[in-house]
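K.L.:
Give me the fold of what follows.
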Amino acid sequence: MYTCRIVHTYPHDPDAFTQGLEYHDGYLYEGTGRYGKSSVRKVDLATGEVLQIHHLDSKYFGEGITIFNSRLIELTWMSHLGFIYHLADFSPIKTFRYPTEGWGLTNDGRRLIMSDGSATLYFLDPETLEITGRIKVTFNETPVTQLNELEYIRGAVYANVFQTNYIVAIDPRTGRVTRWIDLSGLSDQAGVTFNPEAVLNGIAYDPNTDRMFVTGKLWGKLFQIELVPAG
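P.N.:
All right, here's what the predicted structure looks like:
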């Protein structure tokens, strides 16, 4: 079990219903949800200013995002449809379909990794977008469900557990949860304690400086954190 130390606090758009979060080449990229309000955006980390934005059609509920080979790839919730954009300007390249709901998305440099709210992670070919494999996520042989936003960090898949204050680290070879991270108290710091929709969601990682960032839906703050053993 781990908890965290806050290293730095940054501003975050309190109207952003955060569904996906990425750090890439000095900027944050964020996917937001809700019908009529879903978007993908490029954000200045230091100020929280939205530098570039693409709004989805109101019939789509945006979900997880990942960046792969200068493309931004986005899921939608229940439409079974994903979007691929040029990272430079968010101009559309193509769409793709998948049979499950779309929740979180990340990649390990070779494969896309997707969650659908269950205890299953799916592996997708980044070129064909076809599902090539799957694993069941467990802790002490018990399935861990509600896996939401994903980030690949130092060989492990980190996942928000929806509607909780926990992030789990998952071994992508076995599906076993190797650590639990309790981030209770961060929502208080973000000032959203009494909003049931404003749950922890959003993990980003800068591999060049080993920085980890987290935020939540409708949070006015984004935190750079350092993991520390609990107890």
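
K.L.:
Would you mind confirming that Gly202 is in contact with Lys221?
P.N.:
No: between Gly202 and Lys221 there is no contact under Cβ atoms under 8 Å: 11.3 Å. (C-beta placed from N, C-alpha, C; glycine too.)

K.L.:
out of those two, which sits in the busier spot?
P.N.:
Gly202 (28 against 19; other Cβ atoms under 10 Å).

K.L.:
rewinding a little: now do the shared contacts for Gly202 and Lys221.
P.N.:
By Cβ atoms under 8 Å, 6 or more residues apart in numbering, Gly202 and Lys221 have these common neighbours: Thr215.

K.L.:
Tell me the pLDDT of Asp13.
P.N.:
Note for Asp13: predicted pLDDT of 96.

K.L.:
Could you tell me how many residues sit around it?
P.N.:
19.

K.L.:
Ile225 pairs with what?
P.N.:
Ile225 forms beta bridges with Ile6, Met212, as assigned by DSSP bridges.

K.L.:
now Ile113
P.N.:
Beta-bridge partners, per DSSP bridges, of Ile113: Thr106, Phe123.

K.L.:
Any figure for the gap between it and Ser58?
P.N.:
According to Cβ to Cβ, to the nearest Å, Ile113 and Ser58 sit 28 Å apart.

K.L.:
The least confident helix or strand in the chain by mean pLDDT: what's the following helix or strand?
P.N.:
None of the helices or strands of the chain scores lower by mean pLDDT, DSSP states H and E than helix 186-190, at a mean of 83. Sequence-wise, the next helix or strand downstream of helix 186-190 (DSSP states H and E) is strand 200-206.

K.L.:
what's in contact with that following strand?
P.N.:
So strand 200-206 is contacted by 18-23, 28, 30, 148-153, 158-160, 162, 164-165, 167, 183, 186-187, 211-217, 222 (Cβ under 8 Å, 6+ apart).

K.L.:
Which members of the residues you listed occur in strands, if any?
P.N.:
Per DSSP state E, strands hold the following members of the contacts of strand 200-206: 18-23, 28, 30, 148-153, 158-160, 167, 211-216, 222.

K.L.:
What subset of the contacts of strand 200-206 is buried?
P.N.:
Buried by 16 or more other Cβ atoms under 10 Å: 18-23, 28, 30, 148-153, 158-160, 162, 165, 167, 183, 186-187, 211-217, 222, out of the contacts of strand 200-206.

K.L.:
where's the nearest residue to Thr174 once chain neighbours are set aside, which helix or strand?
P.N.:
The shortest distance from Thr174 to any non-neighbouring residue, by Cβ to Cβ, 6 or more residues apart in numbering, is to Ile135 (7.3 Å). Using DSSP H and E, Ile135 maps to strand 131-136.
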